[in-house]
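1. Show me the folded form of this:
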Amino acid sequence: MKVLFLALSIIALPVEAIVNLEDVHTRDFEAEFTGALGIDLDGASGNSDMNTININGQLHWQKTSHSNIVLLSYSYGEANAQVNTDNAFAHLRHIQHINSHYSWEVFTQLQNDHFARLSLRSLWGGGIRYKLSQGDNNHIYGVGTFYERERLNGQPSTYVDPITNNDWRANLYLIVGHKLNEQSHLYTTLYYQPKLQKAIDYRVLLQSGIKVKVATNLNLHIGIDMKYDSRPPTTVEDYDFNYRSGLEYRFH
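-> Numbers count the residues shown, from 1 in each chain. Now for the predicted structure:
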């Protein structure tokens, strides 16, 4: 019931079932303002009681000379009455178009993840990007850097103290979208983020999946998320892997 109440209390926000960066970066929007909202719900009962909710959202303001993007995400889950997922994410990005291929961008982000000991990660950065469109394929190549500040929770049971890290990281990414037909397309987003001071300390973020249009403004999506950290905090695993499916409603 707690999960259901949480879902109903947040569904009024502009949320989307997946924070799909390919969707907002490679599409050519005709409307000045677009957005999406949705929700994923998974559960089980009987020998195992499990409930998981994932809600995400996007807002996109498109002009000839620039774009502004807001991305939101929240996940919460319980298994046998014990919380096993609790994280949130907010991202704001401004993209200034130089020409049809090149743009520069600046962004800021806030994030937390209770089960990765992450009390709060805040970052500010920027870079340049190159967009290439070839028929049904869209590619974006990005290179830049960002400054991050993260506060990690302590764990008294394992004698791990709280800690604050301040680092500069490179930000290299590839975003790919491939249109299969009028109803469906594949997408992939890949990030590589090494520390500038220590390249062996890096993160890899991957998101991939397929979207299928089931009605005029309604999409079904199936996808995976993968995160790898070569130097994770003490007591935290070096990777996370999630698979998901759900519905998304687009509006403009």
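
2. Wait, F146 touches V106, no?
-> No - at 9.7 Å, F146 does not count as touching V106 under the criterion of C-beta atoms under 8 Å. Using the backbone N, CA and C atoms, a C-beta is placed for each residue, glycine as well.

3. residue ranges of the helices in the stretch 1-150 of the chain, please?
-> With DSSP state H, counting those that start in this stretch as the criterion, the stretch 1-150 of the chain has helices at 2-10, 21-26.

4. Compare F146 and V106 (neighbour count), which wins?
-> Taking F146 and V106 together and counting by other C-beta atoms under 10 Å, F146 has the greater number of neighbours (19 against 15).

5. And the pLDDT for that one?
-> The pLDDT attached to F146 in the predicted structure is 97.

6. joint contacts of F146 and V106?
-> W124, G125, G126 (C-beta atoms under 8 Å, 6 or more residues apart in numbering).

7. Top of those residues by number of neighbours, please.
-> Most surrounded of the shared contacts of F146 and V106: other C-beta under 10 Å gives G125, at 20 neighbours.

8. Quickly note the distance from that one to L172.
-> 12 Å (C-beta to C-beta, to the nearest Å).

9. Regarding Y191, which helix or strand does it belong to?
-> Using DSSP states H and E, Y191 maps to strand 184-194.

10. Buried ones in that strand, by neighbour count?
-> Going by neighbour count (16 or more other C-beta atoms under 10 Å), the buried part of strand 184-194 is H185, L186, Y187, T188, T189, Y191, Q193, P194.

11. Let me see the contact set for the first one.
-> Right, the one you point to is H185. Applying C-beta under 8 Å, 6+ apart, one finds that H185 lies in contact with G177, H178, K179, I210, K211.

12. Check the gap between the first one and L186 for me.
-> Right, the one you point to is G177. Taking C-beta to C-beta as the measure, G177 falls 7 Å from L186.

13. Counting neighbours, what do you get for N219?
-> Other residues within reach of N219 by the criterion other C-beta under 10 Å amount to 25.

14. ugh, wrong one, Q134
-> Q134 has 7 neighbouring residues, counting by other C-beta under 10 Å.

15. Identify the bridge partners of it.
-> The partner list for Q134 in beta bridges (DSSP bridges) reads N137.

16. quick one: K131 from D238, how far?
-> Taking C-beta to C-beta as the criterion, K131 is separated from D238 by 32 Å.

17. Of the two, which one has the most company?
-> K131 (18 against 11).

18. ok, and the closest non-adjacent residue to that one?
-> Distances taken as C-beta to C-beta, 6 or more residues apart in numbering place I140 nearest to K131, at 5.0 Å, with adjacent residues excluded.

19. quick one: contacts for the one you found?
-> I140 is in contact with H25, T26, R129, Y130, K131, L132, Y173, L174, I175, V176, counting by C-beta under 8 Å, 6+ apart.

20. Return the closest of the residues you listed with respect to L71.
-> Nearest to L71 among these, counting by C-beta to C-beta, is H25 at 10.8 Å.
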